[in-house]
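1. what follows is a predicted structure for the sequence shown.
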Amino acid sequence: MAGPDRVARRLSIRTPAKINLGLRVLSRRADGYHAVRTLLASVDLWDTLTFEPGGDGLRLECDEPSIPTDQTNLVLRAASRLEDLLGRRLPGARIRLRKRVPAGRGLGGGSSDAAAALIGLNRLFGLGLNRRVLHRLLIEIGMDAPFFLYGGLALATGRGEHVFPLADVAELPLVLLIPEFGIPTPAAYRGLPRPPAAPYREGGSEPTDSLVRFLESGPLGPQLSGKLLAGCFPNDLERSTVLQTTRPPDAISRMRNALEAAGALETAMSGSGSAVFGVFADRKQAAHAVSHLSEANLRAIATRTITRSEHRAALQGNWPDGAWPRG
């Protein structure tokens, strides 16, 4: 256990959003979940969690009024799983969440916060748990949650719990379009046709495989083009019937069309939606697109994919020896 001087210090860490650079739903499992194969990338859009020890129990505060701060929040759910593992209550602490990743939009904000909560509490109280232990806890939280222990670019399989970090690659300039409506993840999966997707064939012509090879080939620069990226971001959840209940019913395709009209090389929905992203040739074009889309009263955010080292540096926060778990 860390000494009193360590516990008395406040810890503040940032934790990023993600996008799915392709999401294939392979089959429905016996446990009711779906087997998936998805390429995940950390994105330069951040929530911040600040941990201040003291008081009785864990207390969560958030600057976004629409975000619950009770046990339905994934931060406190993750903390509860941690206490179950330890077989005791954690010392008291106030956790303040500065929310900037739009919730319920397929960007993994809640899962990212849950991973950051485990990393922060592990460090704050000197628990000494390694990443393998935290990974097992996060499997119980959500499909995307374990990814945020790794960051950068990674392939996830199973129901998302098997994470295979890939080599860092050059950034992809992005614009996110954030609609007013969200899409509950369970509803998106329930709305899939059966069978949900064509079987994945190892060594076949899976678009995300081609994308990984392209990204790993070297600096992107002027070779980045719509022709090279065409079809590289398949998302089987875009075929879910739940999208037909959005207002307007074709909202996702409208957002994709708006991004393409603004100069996006390729577009896709992230995760179960409802956010849509567009890949741009460079940051300048992405910034110009945001200006154009904002004039049309669309909520647009210019951002980019980030490397694993950037992800880790943010989670190290204000403690010079870092908050990243070993193992």
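-> Sure thing, it's come through.
2. could you pull up phi and psi at Ala268?
-> phi -170, psi 160 (degrees, to the nearest 10).
3. give the rounded mean pLDDT of the longest strand anywhere in the chain.
-> Longest strand of the chain, by residue count under DSSP state E: strand 34-53. Mean pLDDT, computed over strand 34-53, is 94.
4. CA atoms of that strand as PDB?
-> Extracted C-alpha coordinates of strand 34-53, given in PDB (Å, rounded to 0.1, in the frame of the first residue of the first chain):
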ATOM      1  CA  HIS A  34     -22.600 -11.400 -30.700                       C
ATOM      2  CA  ALA A  35     -19.100 -12.400 -31.800                       C
ATOM      3  CA  VAL A  36     -17.400  -9.500 -33.500                       C
ATOM      4  CA  ARG A  37     -14.200  -8.500 -35.300                       C
ATOM      5  CA  THR A  38     -13.500  -4.800 -35.100                       C
ATOM      6  CA  LEU A  39     -10.600  -2.500 -35.700                       C
ATOM      7  CA  LEU A  40     -10.500   0.200 -33.000                       C
ATOM      8  CA  ALA A  41      -8.500   3.400 -32.900                       C
ATOM      9  CA  SER A  42      -8.000   6.000 -30.100                       C
ATOM     10  CA  VAL A  43      -9.200   9.500 -31.000                       C
ATOM     11  CA  ASP A  44      -8.000  13.000 -30.000                       C
ATOM     12  CA  LEU A  45     -11.100  13.800 -28.000                       C
ATOM     13  CA  TRP A  46     -11.000  13.400 -24.200                       C
ATOM     14  CA  ASP A  47     -12.800  13.100 -21.000                       C
ATOM     15  CA  THR A  48     -10.900  14.000 -17.800                       C
ATOM     16  CA  LEU A  49     -11.200  12.200 -14.500                       C
ATOM     17  CA  THR A  50      -9.800  13.700 -11.300                       C
ATOM     18  CA  PHE A  51      -9.400  11.700  -8.100                       C
ATOM     19  CA  GLU A  52      -9.200  13.300  -4.700                       C
ATOM     20  CA  PRO A  53      -8.800  11.000  -1.700                       C
END
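5. now do that strand: which elements does it pack against?
-> Secondary-structure packing of strand 34-53 (3 or more Cβ pairs under 8 Å, 6 or more residues apart in numbering; DSSP states H and E): strand 11-28, strand 93-98, helix 109-124, strand 153-157, strand 173-177, helix 207-215, strand 300-304, helix 308-316. Using the backbone N, CA and C atoms, a C-beta is placed for each residue, glycine as well.
6. measure stretch 86-95 end to end?
-> The straight-line separation of the ends of stretch 86-95 (Cα to Cα, to the nearest Å) is 19 Å.
7. can you tell me what sits against it?
-> With Cβ atoms under 8 Å, 6 or more residues apart in numbering as the contact definition, stretch 86-95 has outside contacts at 7, 49-61, 75, 79, 82-83, 117, 120-121, 124-125, 127.
8. which among those count as buried?
-> Among those, those classed as buried by 16 or more other Cβ atoms under 10 Å are 49-53, 58, 60, 75, 79, 82, 117, 120-121, 124-125, 127.
9. where exactly do the helices run in the stretch 101-250 of the chain?
-> 109-124, 131-139, 185-190, 207-215, 226-229 (DSSP state H, counting those that start in this stretch).
10. extract the CA atoms of the longest one and return them as PDB.
-> Extracted in PDB, the C-alpha atoms of helix 109-124 (Å, rounded to 0.1, in the frame of the first residue of the first chain):
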ATOM      1  CA  GLY A 109     -16.900   7.400 -23.700                       C
ATOM      2  CA  GLY A 110     -18.400   5.400 -20.900                       C
ATOM      3  CA  SER A 111     -16.100   2.500 -21.500                       C
ATOM      4  CA  SER A 112     -13.100   4.800 -21.700                       C
ATOM      5  CA  ASP A 113     -14.100   6.400 -18.400                       C
ATOM      6  CA  ALA A 114     -14.500   3.000 -16.700                       C
ATOM      7  CA  ALA A 115     -11.000   2.000 -17.800                       C
ATOM      8  CA  ALA A 116      -9.600   5.300 -16.600                       C
ATOM      9  CA  ALA A 117     -11.400   4.800 -13.300                       C
ATOM     10  CA  LEU A 118      -9.700   1.500 -12.700                       C
ATOM     11  CA  ILE A 119      -6.300   2.800 -13.700                       C
ATOM     12  CA  GLY A 120      -6.800   5.900 -11.500                       C
ATOM     13  CA  LEU A 121      -8.000   4.000  -8.400                       C
ATOM     14  CA  ASN A 122      -5.300   1.400  -8.800                       C
ATOM     15  CA  ARG A 123      -2.700   4.100  -8.700                       C
ATOM     16  CA  LEU A 124      -4.300   6.400  -6.200                       C
END
